[in-house]
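Engineer: the sequence and its predicted three-dimensional model are supplied below.
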Amino acid sequence: MKRFLILLVIISMFSTASVFADTLNLTTLPANTAGGYYVGAVGGNVNDGAPMSFFCDDFSTTTYVPSSFGVNISTIPSLGSAKWGNDAAPLFKYEEAAWLISQMALNPDDVGPIQYAIWNIFYPAANDLSGQEIWIARAQGIDPASYDFSSVRIYTASNTLNQEFMSGGDAPVPEPATVFLVGSGLLGVAWFGRKFKKQCSV
């Protein structure tokens, strides 16, 4: 009887996990268009959580907004079930895309060319847009070791009808000198706090 109950619990755990798969909910179209396509951030959430921005890396299919669909979530460097994970040098391609996503906020006038550059990384047949070549070249020149891609998430549709999306971006990796300065500053604050505490306790 005890073995039967344990088996029942294990089966229910696996069935529950399959029922509650991750769902990407896209609610708001990008504010920008270029070359006849929406470009830039799509508003939405994952599993009805906090609002987020998502960026399309897939020109080969179409996704309508609003819509909801099941996704498999991957990270960098663990690409897992990412759509383009079997490409040549897939990790660097996703790192390039993540870097380009971060550049949209810094270069709002170039959202269109940056979006087209992202599409062309994975799908070279994507339509050309003036300026995209510059961004492709810049992305190809990055040193991935100089950036932190830990916040990047890749949302690959569990069906073949919807596009793949990404969230997050790159953050510069602190240089050793910066780490030293921050660390020494924290030590100084701790020492001053200890000295102040001693003075107050007299």
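Structural biologist: Perfect, I can see it now. Numbers count the residues shown, from 1 in each chain.
Engineer: how about low-confidence regions in this structure?
Structural biologist: Residues of the chain that meet the criterion pLDDT under 70 lie in 1-20, 175-202.
Engineer: can you give me the domain boundaries for it?
Structural biologist: Using automatic domain parsing, the domain ranges for the chain come out as 2-169, 176-202.
Engineer: winner for burial among these?
Structural biologist: Among those, the stretch with the highest mean neighbour count (mean count of other C-beta atoms under 10 Å) is domain 2-169, at a mean of 17. C-beta: built from backbone N, CA, C; applies to glycine.
Engineer: so Met104 sits right up against Asn32, yeah?
Structural biologist: No. Between Met104 and Asn32 there is no contact, the gap being 9.3 Å when judged by C-beta atoms under 8 Å.
Engineer: overlap of the contact sets of the two?
Structural biologist: Gly40, Val111 (C-beta atoms under 8 Å, 6 or more residues apart in numbering).
Engineer: beta partners of the nearest residue to Phe54 once chain neighbours are set aside?
Structural biologist: Excluding the flanking residues, the one nearest Phe54 by C-beta to C-beta, 6 or more residues apart in numbering is Phe165, at 4.2 Å. With DSSP bridges as the criterion, Phe165 is bridged to Cys56, Tyr155.
Engineer: ok, Phe165 - contacts?
Structural biologist: Neighbours of Phe165 in contact, by C-beta under 8 Å, 6+ apart: Leu24, Leu26, Val42, Phe54, Phe55, Cys56, Asp57, Asp58, Val71, Ile154, Tyr155.
Engineer: out of those, who's nearest Pro77?
Structural biologist: Ile154 (11.1 Å; C-beta to C-beta).
Engineer: look up how far Asp128 lies from the closest one.
Structural biologist: Counting by C-beta to C-beta, to the nearest Å, the separation of Ile154 from Asp128 is 25 Å.
Engineer: just Asp22 next, same as before
Structural biologist: 34 Å.
Engineer: can you tell me what sits against the longest strand seen in the chain?
Structural biologist: The longest strand of the chain (DSSP state E) is strand 67-75. Here strand 67-75 makes contact (C-beta under 8 Å, 6+ apart) with 21-26, 46, 63, 80-82, 85, 150, 152-159, 161-162, 165.
Engineer: paired strands for that strand, with orientation please.
Structural biologist: strand 23-28 (antiparallel), strand 153-157 (antiparallel).
Engineer: in this protein, which spans are strands?
Structural biologist: Going by DSSP E, the chain shows strands at 23-28, 32-34, 37-39, 42-46, 52-56, 67-75, 147-148, 153-157, 165-167, 171-172.
Engineer: so who does Pro144 touch?
Structural biologist: Neighbours of Pro144 in contact, by C-beta under 8 Å, 6+ apart: Leu91, Phe92, Glu95.
Engineer: the first one contacts Gly80, correct?
Structural biologist: No. No contact is recorded between Leu91 and Gly80 when judged using C-beta under 8 Å, the distance being 11.9 Å.
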